[in-house]
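Let's see this in three dimensions:
(4 chains)
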There are 4 protein chains.
Amino acid sequence: MLTAENRAQIAHLIQQEISQQSPGPLTLKEAKHLAALAEQKAKAIGVPIVISIADTEGQQILFHRMTSSLPASAQLATDKAHTAASFRMSTHELGLLAQPGGMLFGVQANNGGRTVLFGGGVPVRRNGVVVGAIGVSGGTADEDMLIADHALYIFLEHAGRCPEEG
Amino acid sequence: MLTAENRAQIAHLIQQEISQQSPGPLTLKEAKHLAALAEQKAKAIGVPIVISIADTEGQQILFHRMTSSLPASAQLATDKAHTAASFRMSTHELGLLAQPGGMLFGVQANNGGRTVLFGGGVPVRRNGVVVGAIGVSGGTADEDMLIADHALYIFLEHAGRCPEEG
Amino acid sequence: MLTAENRAQIAHLIQQEISQQSPGPLTLKEAKHLAALAEQKAKAIGVPIVISIADTEGQQILFHRMTSSLPASAQLATDKAHTAASFRMSTHELGLLAQPGGMLFGVQANNGGRTVLFGGGVPVRRNGVVVGAIGVSGGTADEDMLIADHALYIFLEHAGRCPEEG
Amino acid sequence: MLTAENRAQIAHLIQQEISQQSPGPLTLKEAKHLAALAEQKAKAIGVPIVISIADTEGQQILFHRMTSSLPASAQLATDKAHTAASFRMSTHELGLLAQPGGMLFGVQANNGGRTVLFGGGVPVRRNGVVVGAIGVSGGTADEDMLIADHALYIFLEHAGRCPEEG
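Numbering: from 1, shown residues only, chains lettered A, B, ... in the order given. The predicted structure is shown next:
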């Protein structure tokens, strides 16, 4: 017969297994952490940005607009996070597929015009599964990508996961 | 004078002739059959998809979203079926006409942004007449096309029609 | 002192001058005539079409959808007439300006997605002033242009005006 | 101890410093001046235009539609001002970045289709800070740019600022 301790250990193992198979959604607390890391980097390079964090379906769970950031960035950051979650792909990669002659040419006209084709939107993965996405807008596309990638790198490292696996 | 039997035979012949000239619309039962064939193929190649079936005017009559399919695919599958019915042409063929310098350049910006230019939307024909369309999204454009074409092929074969005539 | 006859003559001359300077709007009667000419040509070449006639501001004043015409053509014909009136230019000419690197690149994304860049929309002119536009959709862009141009040619000839001046 | 006069002088200096750091918004009176200058130039070159002035967030504060201007220009002028303020960049410059292969390819499909990629929208700056934007539409893109640039040049000169610093 199993002791109470045995049962607790087994329950813990099952829980671990389940959480690895279907990773939990990105929490608001985690989203705040990601946003803080992005804002820190944005300040360091002197670029006021808008940050949006979306859940696995592309719905927004956090929105931060830094003072003096570009007005166009409010919608663009939101839609970058939405795009990266919806396509489970960075906005930069999607943009390469959507060029004239590309596999997804014309895709930016679909889905209500919310699909962004330039850098700054990146999916967040746990155990290879997309659990949300971050969208950054405010600088050049290269600066936005740098900030999003940097925030995600530190975030995954802090969570004890190697970003490459993320 | 015609007997009752004669009349019944004539009525039957007229009915046949009419149904050949104006083929009946795609029924929900047929749509379910098409969707089942597409889902079967999607599982076989390991790609969760969204399937949409539209009537001859492009209005949706069936929508199936497989678990874990890409969030962006919900609207894309619907709009692929809508596009294929509305233009009586596969989305892949339409995409070729809409490239820069092409006959329909810019068309994806029209009709409320519902026009999809990449593979996965295919019209369903009876006696050469478009009676609806199938839209598949979830994999690469090539995978979506493969699944849609495969489902349509089996569907038409099962209906005793050669797909080439379809 | 002027006689009543003198006055009438002068009033007539002024009226003529004014009507030349600001030509009257396209009437519904004229729109019906234009549509009938387009339908006639469409039947002659075996292409069921949708015809839309817009006033000088691009607002629709007539819409005819021929049986069996392409579902996508309902909005496209309407928007071709709207585009030709709004830009006072044929949709074909506008399309040339909107190619990558062109003067109006990207314009199809503006104005609510109603701007069509391929042939079939043509402005109607009186004394060089745009008084409305015709939009045709249903065949290839070349067929749509042929039908619209043909209808306009006969319409202006019938009105005692040389189409080239139109 | 400071006299009342000292205090007033110091307060004045602080006020000056603050106003240089955060320049006041574009007033309606200034917008009217800018519009009058644009209309004057438009008449001089014989091109009826639509003028829109937006605030620093891209919200419209003035809209003037000259008689006989192009119907399409009403929305285009408004959206040119909106674009120039939202991106803090002229619409012409943005258009260069949005070509196929460019850093912002596809951007015109985002932000509700309000982003214009051709000349005629220019930000208005005070001490290097964008305080609003002017949008001009009605002629060719080159004519629209000429009119907007001319109006802005005279406006800044009149305000005692060198346009190059603007």
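
Could you point out the longest strand of chain A?
Counting by DSSP state E, the longest strand found in chain A is strand A:129-137.

Does anything pack onto the helix or strand just after that strand? Which helices or strands?
Per DSSP states H and E, strand A:129-137 leads on to helix A:141-158 as the next helix or strand towards the C-terminus. Packing contacts for helix A:141-158, counted by 3 or more CB pairs under 8 Å, 6 or more residues apart in numbering or on different chains; DSSP states H and E, involve helix A:28-44, strand A:121-126, strand A:129-137. No exception for glycine: its C-beta is placed from N, CA and C like everyone else's.

the inter-axis angle of the shortest one versus strand A:129-137?
Per axes from the mean of the first three to the mean of the last three CA atoms, to 10 degrees, the angle that strand A:121-126 makes with strand A:129-137 is 150 degrees.

for the record, mean pLDDT for strand A:121-126?
What strand A:121-126 shows for mean pLDDT is 96.

quick one: that strand near chain D?
No - remark: strand A:121-126 sits outside contact range of chain D, by CB under 8 Å from any CB of the partner chain, the gap being at least 11.5 Å.

Can you give me every residue that contacts A:Met145?
A:His92, A:Gly119, A:Gly120, A:Val122, A:Val136 (CB atoms under 8 Å, 6 or more residues apart in numbering or on different chains).

And A:Thr83, by the same measure?
Contacts of A:Thr83 (CB under 8 Å, 6+ apart): A:Gly58, A:Thr91, A:Leu94, A:Arg114, A:Thr115, A:Val116, A:Gly121, A:Ala133, A:Gly135, B:Ala72.

which two from those end up farthest apart in space?
Checked with CB to CB, the contacts of A:Thr83 reach their widest spread between A:Gly135 and B:Ala72, with 14.7 Å between them.

between the two, which one's more packed in?
A:Gly135 (31 against 25; other CB atoms under 10 Å in any protein chain shown).

that older thread, switch the contacts of A:Thr83 over to JSON lines; also include distance to chain C.
Below are those laid out as JSON lines (distance: CB to the nearest CB, whole Å):
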{"residue": "A:Gly58", "distance to chain C": "21"}
{"residue": "A:Thr91", "distance to chain C": "18"}
{"residue": "A:Leu94", "distance to chain C": "17"}
{"residue": "A:Arg114", "distance to chain C": "13"}
{"residue": "A:Thr115", "distance to chain C": "12"}
{"residue": "A:Val116", "distance to chain C": "13"}
{"residue": "A:Gly121", "distance to chain C": "19"}
{"residue": "A:Ala133", "distance to chain C": "24"}
{"residue": "A:Gly135", "distance to chain C": "20"}
{"residue": "B:Ala72", "distance to chain C": "19"}
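
out of these, who has the most neighbours?
A:Gly121 (37 neighbours).

can you pull the contacts of it?
A:79-84, A:90-92, A:133-136, A:148.

Quick check: the closest residue to it other than its chain neighbours vs A:Ala141, distance?
The spatial neighbour of A:Gly121 that comes closest, neighbours along the chain excluded (CB to CB, 6 or more residues apart in numbering or on different chains), is A:Lys80 at 3.1 Å. Distance check for A:Lys80 against A:Ala141: by CB to CB, to the nearest Å, it reads 10 Å.

Also A:Ile49?
12 Å.

Settle it for me: which of the two has more neighbours?
A:Ile49 (28 against 23).

mind listing what the closest residue to that one other than its chain neighbours touches?
Excluding its sequence neighbours, the residue lying closest to A:Ile49 (CB to CB, 6+ apart) is A:Gly138, at 3.2 Å. Counting by CB under 8 Å, 6+ apart, A:Gly138 makes contact with A:Ala42, A:Val47, A:Pro48, A:Ile49, A:Val50, A:Met66, A:Ser69, A:Leu70, A:Ser73, A:Ala77, A:Asp144.

For the residue positioned nearest the centre of chain A, give me its contacts.
Among the residues of chain A, the one closest to the centroid is A:Ala133, at 2.2 Å (CA atoms, centre = their mean). By CB under 8 Å, 6+ apart, A:Ala133 lies in contact with A:53-54, A:58, A:80-85, A:121-124.
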